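Peer 1: the sequence isn't on hand, but the structure is:
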């Protein structure tokens, strides 16, 4: 008989991308994430204690071969006021596709804006309310 499973937290997410350098540049410029080359040709983006791994769509198949470019949809939290973040997006010529609007987050209400990265992944950036 096995014990009860208790998931503690999210370790990382993976985005399948067409152009790793363009993705790195976008997330560094727009969201201030730190790129790291984990091993030759394998990149990830770091922020706080979190990581987004980048899967090059043109690389040889892996266990995540069925991952599709642009199918990501995730939410990030920021302490920067969303109105200020929306101005930053405009300054970076990133089109907001929705928001600011109140939504339901993992720990309660959030105020969010949505935009797409270069591969079409839907990125939500929010303030905890």
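Peer 2: It's in. A quick note: this is a predicted structure, and the numbers were derived from the prediction, not measured.

Peer 1: and the top helix by length along the chain, how far out from the chain's middle?
Peer 2: Counting by DSSP state H, the longest helix found in the chain is helix 20-31. Taking CA atoms, centre = their mean, to the nearest Å, one finds helix 20-31 lying 11 Å from the centre of the chain it belongs to.

Peer 1: buried sites along it?
Peer 2: For helix 20-31, a neighbour-count test (16 or more other CB atoms under 10 Å) marks 20, 23, 24, 26, 27, 30, 31 as buried. To be clear about C-beta, it is placed using only N, CA and C from the backbone, and glycine gets the same treatment.

Peer 1: where does the prediction get shaky in this structure?
Peer 2: 1-2, 6-9, 60-66 (pLDDT under 70).

Peer 1: where along it do the helices fall?
Peer 2: 20-31, 82-91.

Peer 1: okay if I get the buried residues of helix 20-31 as a markdown table plus distance to residue 44?
Peer 2: Formatted as a markdown table, the buried residues of helix 20-31 follow (distance: CB to CB, whole Å):
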| residue | distance to residue 44 |
| --- | --- |
| 20 | 10 |
| 23 | 11 |
| 24 | 10 |
| 26 | 14 |
| 27 | 10 |
| 30 | 17 |
| 31 | 14 |
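
Peer 1: residue 41: which of the residues you listed is nearest?
Peer 2: residue 20 (8.3 Å; CB to CB).

Peer 1: the residue nearest to residue 112 when sequence neighbours are not counted: what's it in contact with?
Peer 2: Closest residue to residue 112 apart from its sequence neighbours, by CB to CB, 6 or more residues apart in numbering: residue 126 at 4.1 Å. By CB atoms under 8 Å, 6 or more residues apart in numbering, the contact set of residue 126 is 75, 76, 77, 78, 82, 103, 105, 110, 111, 112, 113.

Peer 1: before we move on, what about residue 119?
Peer 2: Residue 119 neighbours (CB under 8 Å, 6+ apart): 15, 16, 17, 18, 19, 23, 69, 70, 72.

Peer 1: and the nearest residue to the second one once chain neighbours are set aside, how many neighbours does it have?
Peer 2: So the one you mean is residue 16. Closest residue to residue 16 apart from its sequence neighbours, by CB to CB, 6+ apart: residue 67 at 4.1 Å. By other CB atoms under 10 Å, the residues close to residue 67 number 15.
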